[in-house]
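# Need coordinates for the below:
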Amino acid sequence: MSVNPRLVLAIATDCLAPSQYVNFDYSSVAALDDGVAVGFNEEGIFLLDSGDIDEGACGEEDPIQSIVRYARVDMGVLHRKRLRAVVVKGEAEGCLSFSLAGDERQMMLDATATPPSTTNQQTIIKAMVPRTFYGANIDLTIENVNGADFSIDAVDIYWRPQVHRI
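Okay, here's the model as predicted:
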C-alpha cells in the first residue's frame, strides 16, 4: 500500500454525514450499485470487502472516538463574558462531553439529548455552565461518550457580560 498516509474526508450520500479518516491508504472510495466498496490509490483499484468498518465492528470494548474542536472564539475584550449554556442542535444517540477553555479556567461538562434520543432524530443537547466559568476567549470541544453517534447542525453559546464596578 501507499507509503504516504492521507487524511481523507468521506461523505455518506444518503444523509450527507461527513467522516474523517486518518492514515487512510486510498485517495478515493466508491460504493458500486451492488454494495461492493472499492478503493483507489496510485497503485491501483482495491476491493474493500473485509476488515473493520465504522458500524460497531470494534465492539463495545473499543468504541469509536469522535471529537469536534472549534476555533477559538473572541467574545470581545471590553468585558469578560460569563457563559450560561452551550446548546447543540442536531442528532445524537447517547451522551456528549463538552470541554470549555476560557482565559483562566478549563472545565468538562457532560450532556445528554433532551429528551434522550435513541433513534438519531433531530434534538437539542444542552449543557449548563457553572457560574464560575468566564472569559473573553473561549475554546469549545465536543466529544462523544462511549462511542455515541452524533451529528451537529448548529452550536449556540449563551453568555452575558460581566460588568466590573469601579
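
# from what I can see residue 23 touches residue 8, true?
No: Residue 23 lies out of contact with residue 8 (Cβ atoms under 8 Å); the separation is 9.2 Å. Every residue, glycine included, has its C-beta placed from N, CA and C.

# The two: who's more crowded?
residue 8 (17 against 10; other Cβ atoms under 10 Å).

# and that one, how far is that from residue 25?
Noted for residue 8: a distance of 9 Å to residue 25, by Cβ to Cβ, to the nearest Å.

# likewise residue 71?
Distance, residue 71 to residue 25, by Cβ to Cβ: 30 Å.

# The two: who's more crowded?
Per other Cβ under 10 Å, whichever of residue 71 and residue 25 has more neighbours is residue 25, with 16 against 7.

# Measure how buried residue 80 is and give me the count.
Each residue near residue 80 was counted by other Cβ under 10 Å, and the total is 19.

# Let me see the contact set for it.
Residue 80 makes contacts with 103, 134-136, 161-162, as judged by Cβ atoms under 8 Å, 6 or more residues apart in numbering.

# How about residue 88?
Per Cβ under 8 Å, 6+ apart, neighbours of residue 88: 96, 111, 124-126, 142, 152, 154-155.

# can we see that at 7 Å?
By Cβ atoms under 7 Å, 6 or more residues apart in numbering, the residues touching residue 88 are 96, 125, 142, 152, 155.

# could I get the residues you listed as a markdown table with distance to residue 37 and secondary structure?
A markdown table is the format used below for the contacts of residue 88 (distance: Cβ to Cβ, whole Å; DSSP: H, G, I helix; E, B strand; the rest coil):
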| residue | distance to residue 37 | secondary structure |
| --- | --- | --- |
| 96 | 29 | strand |
| 125 | 32 | strand |
| 142 | 29 | strand |
| 152 | 26 | strand |
| 155 | 32 | strand |
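
# I figured residue 30 was touching residue 38, is that so?
Yes: using Cβ atoms under 7 Å as the test, residue 30 is close enough to residue 38 to be in contact (5.5 Å).

# Between these two, point out the one with more neighbours.
A count of neighbours by other Cβ under 10 Å puts residue 38 above the other of residue 30 and residue 38, at 15 against 12.

# how about that one, secondary structure?
Under DSSP: H, G, I helix; E, B strand; the rest coil, the three-state class of residue 38 is strand.
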